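*Asks:* Okay, here's the prediction I keep looking at, along with the sequence it came from:
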Amino acid sequence: MRQVAIGEHIKSYARETVANLYHASQIHRITHRGRVIILNYHRVLPKTELRRRYVQPAMYVLDTVFDMHLQFLQKHFKILTLAELLERWRKRVWDWSERNCVLTFDDGWLDNYLYAYPLLKKYGLPATIFLPTDFIGTHDWFWTEKLFYLIEHVCSRNLASARKVAFWSQIERALGESGYARPTLNVFDGNKEHNFDQIVEECKKLPINTVEQLISNLSELVEIKLPEERAIVNWDEVALMSKDGISFGSHSCSHRILTRLHRYEIERELELSNRVLQEKRMNINYVPVFCYPNGMYNEDIQGLVKDCAYEAAVGVRPGSEGEFPRNWFEIRRIGIHNEISATLQLFAFHLQRPRPSLVFQAY
């Protein structure tokens, strides 16, 4: 694990060095002319929230960093709503002298309302948030957050060693079903975050029922009850943000990975989430665009999305778009998180060179 940490440090140093040189060249002032970049955020958090609970590094930017992003983007790009972008594409109206940008958020986290929305309102900038409709207004958490909570608390609590062994044995047995080859998981070493993330990524390969049963079993084993705490926005907050230029698209109903579902389940996820959002159009600013959970889809799923009357869909394939999208149901975005955007130099460099190796597994 020490070698992993050293390797990550070297990569980070190299990225910063190249980013500084790129920014000093001022090339970033002219790149993306005649293009549109669609940025993909998840969470915006202050440091106090990060100290309170573990959040995957690839899932957030600090509120101060997001503020810096907005100032940079407002200065160097024309910020469009997602609806405006679609309209330009439909009408083939394009200004090749402009550098365009669209801001998007996945999952509808409560912190989008608490921390991102006030900053967007401060600068008068629009954004689109993709909502998993089953979670809106509930106290339910994504299974990933439940698992993180349990693992973190087991690591921090003074439990008998036998119970900890039983806890990890259940996780390892479950991961064995996904073909996980590593014989022993150890989150007590110097790279806890790496192991946390690895466990979740492997669990994504399991059937959702298996994961939910695992979480239930682990909770009972160590006698930990998940807190009654809302993690996702409610409909009143969605309505309020809609009045200030924030639009909302679909992120399915249950946020399950579509490529793991039967066709009839996929159709339900697409149709019901679209219907729920359509029915609320009197109160919310709905744009009929779909966002694939975890960025996973195939050609058949793209076809089903189109059949459900969505105008377009976004994934996590990196890159920018031009006067017309390569594929309306695979619109490219650039994933943003704190590690690769904590300074202006890193942010500008990442916008210019979105590479598959830097794209994280989205929620």
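*Replies:* Received the coordinates, thanks. These numbers were taken from a predicted model, which means no experiment stands behind them.

*Asks:* contacts and neighbour counts: CA atoms only from here.
*Replies:* Noted.

*Asks:* Residue 341 contacts residue 351, doesn't it?
*Replies:* No. Contact status for residue 341 versus residue 351: not in contact, 9.2 Å apart, counting by C-alpha atoms under 8 Å.

*Asks:* Please enumerate the helices of the stretch 151-300 of the chain.
*Replies:* For the stretch 151-300 of the chain, the helices defined by DSSP state H, counting those that start in this stretch cover 161-176, 192-203, 208-222, 235-242, 263-279, 299-307.

*Asks:* which one of the ones you listed lies closest to residue 36?
*Replies:* Closest of those to residue 36 is helix 299-307, at 21.9 Å (criterion: C-alpha to C-alpha).

*Asks:* Off-centre distance for the closest one?
*Replies:* What separates the centre of helix 299-307 from the centre of its chain is 21 Å, taken as C-alpha atoms, centre = their mean, to the nearest Å.

*Asks:* Also stretch 318-325?
*Replies:* 20 Å.

*Asks:* Any idea how far apart the tips of that stretch sit?
*Replies:* With C-alpha to C-alpha, to the nearest Å as the measure, stretch 318-325 spans 13 Å from end to end.

*Asks:* Stretch 248-264 now?
*Replies:* Stretch 248-264 stretches 25 Å from its first residue to its last (C-alpha to C-alpha).

*Asks:* which residues sit against that stretch?
*Replies:* The contact list for stretch 248-264, computed with C-alpha atoms under 8 Å, 6 or more residues apart in numbering, reads 106-107, 128-135, 207-208, 266, 269-270, 272-274, 277, 284-294, 296-298, 301.

*Asks:* and these, which are buried?
*Replies:* Buried members of these, counted by 16 or more other C-alpha atoms under 10 Å: 106-107, 128-135, 208, 266, 269-270, 272-274, 277, 284-294, 296-297, 301.

*Asks:* quick one: which of those residues sit in strands?
*Replies:* 106, 128, 129, 130, 131, 286, 287, 288, 289, 290, 291 (DSSP state E).

*Asks:* so the fifth one bridges to which residues?
*Replies:* For residue 131, the beta-bridge partners under DSSP bridges are residue 250.

*Asks:* Was I right to think it contacts residue 107?
*Replies:* Yes. Taking C-alpha under 8 Å as the definition, residue 131 is a contact partner of residue 107 at 5.4 Å.

*Asks:* coming back round to it: weakest of the helices of the stretch 151-300 of the chain by average pLDDT?
*Replies:* Of all these, the minimum mean pLDDT falls on helix 192-203 (a mean of 78).

*Asks:* counting contacts, what elements does that helix pack onto?
*Replies:* helix 143-156, helix 161-176 (3 or more C-alpha pairs under 8 Å, 6 or more residues apart in numbering; DSSP states H and E).

*Asks:* if you set the cut-off to 10 Å instead, what comes out?
*Replies:* Contacts defined by 3 or more C-alpha pairs under 10 Å, 6 or more residues apart in numbering; DSSP states H and E place helix 192-203 against helix 143-156, helix 161-176, helix 208-222.
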